[in-house]
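1. Sequence unavailable; structure follows:
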């Protein structure tokens, strides 16, 4: 999987923020994998000869970390990176246990004088077709 093109090659790329790729591409060539302070490793990237893809010259600095087995199994673009940060564990916990989307709906007649706060609100939920299939 190839990231980009972005940076000076394409400043209008969606990943560009303040003139730089916020995903830190192109990555640097490294001889060994190193640990980073923010919880992400800096992966080994061998220096390879650039390959011409369309009008762009692509080398190993533009390759996104991936797992060939997952790509083949799910037939999808899957970015795989090791992450050893407390922030990431917190994100995963919130994501797994966030529950479904819900809304409160107030039902009231035009001339109703009697107001019952508990009865006038009904919990509503939208279940899409894939969600309904799994229920």
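-> Cool, got the structure. In this text, all values refer to a predicted model and were calculated from it rather than measured experimentally.
2. Identify the residues contacting the spatially closest residue to residue 64 that is not a sequence neighbour.
-> Using CB to CB, 6 or more residues apart in numbering and skipping residues adjacent in sequence, the residue nearest residue 64 is residue 1, 4.4 Å away. Using the backbone N, CA and C atoms, a C-beta is placed for each residue, glycine as well. Going by CB atoms under 8 Å, 6 or more residues apart in numbering, residue 1 touches 63, 64, 66, 71, 77, 79.
3. what's the domain layout of this protein?
-> Per the TED database, the structural domains of the chain span 7-86, 102-134.
4. what about residue 27, how many residues close to it?
-> Residues contacting residue 27 under the criterion other CB atoms under 10 Å number 18.
5. That one should be in a strand, yeah?
-> No - the assignment for residue 27, made by DSSP: H, G, I helix; E, B strand; the rest coil, is coil rather than a strand.
6. Name the nearest residue to the residue nearest the centre of the chain, sequence neighbours excluded.
-> The residue lying closest to the centre of the chain (CA atoms, centre = their mean) is residue 79, at 8.8 Å. Among residues not flanking residue 79 along the chain, residue 64 sits closest, at 5.4 Å (CB to CB, 6+ apart).
7. Report the separation between the residue nearest to residue 64 and residue 23.
-> In this view, residue 1 and residue 23 are 12 Å apart by CB to CB, to the nearest Å.
8. intersection of neighbour lists for the two?
-> Counting by CB under 8 Å, 6+ apart, residue 1 and residue 23 have no shared contacts at all.
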